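[1] When you get a sec, could you give me coordinates for this:
(3 chains)
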Amino acid sequence: MVTFEEAVRSVVAAIPPGEVLSYGEVAEEAGHPGAARAVGNLLRRATGLPWWRVVAADGRLAPHLASRQAALLRAEGVVVRDGVVVPSTAHRCDTGRDRPRRHP
DNA sequence: CGTGTGACCGTTT
DNA sequence: GAAACGGCCACAC
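    All right, here's what the predicted structure looks like:
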């Protein structure tokens, strides 16, 4: 049984440079779909993780860390415009949020 | 042990 | 098109 922190930590730590994932994606990958809030909460406390590679579903950065995150993402090769990640510059994992959803 | 809050997401009004 | 609402999970008090 892995704790939520462990799962999220593993997922976030597995994000390659230049790629950005959304909280919802991380939560889903962690095995806790819908726990996007919890992901943010853990990233806030968890350290040593590329939290800056985690952005909102709209590609928006955290309100308080937008500047820091933007600088870090820029260092990774991602272009951040007005506090919003540009999908074309970053590897479009979900920032386009137009990905096909399961349709039972 | 119960309540509140949060770096959220998706749908509806 | 924008705004509002509810729902999900985990942690702190």
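
[2] Just give the nearest non-adjacent residue to residue A:66, would you?
    Excluding the flanking residues, the one nearest residue A:66 by C-beta to C-beta, 6 or more residues apart in numbering is residue A:83, at 4.4 Å. Quick note: C-beta positions are derived from backbone N, CA and C, even for glycine.

[3] and what of residue A:36?
    residue A:23 (3.8 Å).

[4] for the one you found, what are its contacts?
    Contacts for residue A:23 (C-beta atoms under 8 Å, 6 or more residues apart in numbering) come out as A:36, A:37, A:39, A:40, A:54, A:55, A:56, A:57.

[5] now, which of those lie within helices?
    A:36, A:37, A:39, A:40 (DSSP state H).

[6] Tell me if I'm right that residue A:26 and residue A:39 touch.
    Yes. Residue A:26 sits in contact with residue A:39 when judged by C-beta atoms under 8 Å, with a separation of 5.0 Å.

[7] Between the two, which contacts overlap?
    Shared contacts of residue A:26 and residue A:39, defined by C-beta under 8 Å, 6+ apart, comprise A:8, A:54.

[8] tell me which parts of chain A are close to DNA strand C?
    Counting by C-beta under 7 Å from any atom of the strand, chain A comes close to DNA strand C at A:3, A:4, A:5, A:32, A:34, A:35, A:36, A:37, A:38, A:41, A:42, A:45.

[9] Whichever of those residues end up buried, select them in PyMOL.
    A single PyMOL command selects the buried members of the residues of chain A next to DNA strand C (16 or more other C-beta atoms under 10 Å):
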select buried, chain A and resi 4+5+35+36+38+42
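
[10] Now for the residues of chain A next to DNA strand C: which two are most distant?
    Pairwise distances across the residues of chain A next to DNA strand C (C-beta to C-beta) peak at 19.7 Å, for the pair A:34 and A:45.

[11] Show me what the residue most central in space within chain A is bridged to.
    Nearest residue to the geometric centre of chain A (C-alpha atoms, centre = their mean): residue A:54, 1.9 Å. In this entry, residue A:54 is beta-bridged to residue A:21, by DSSP bridges.
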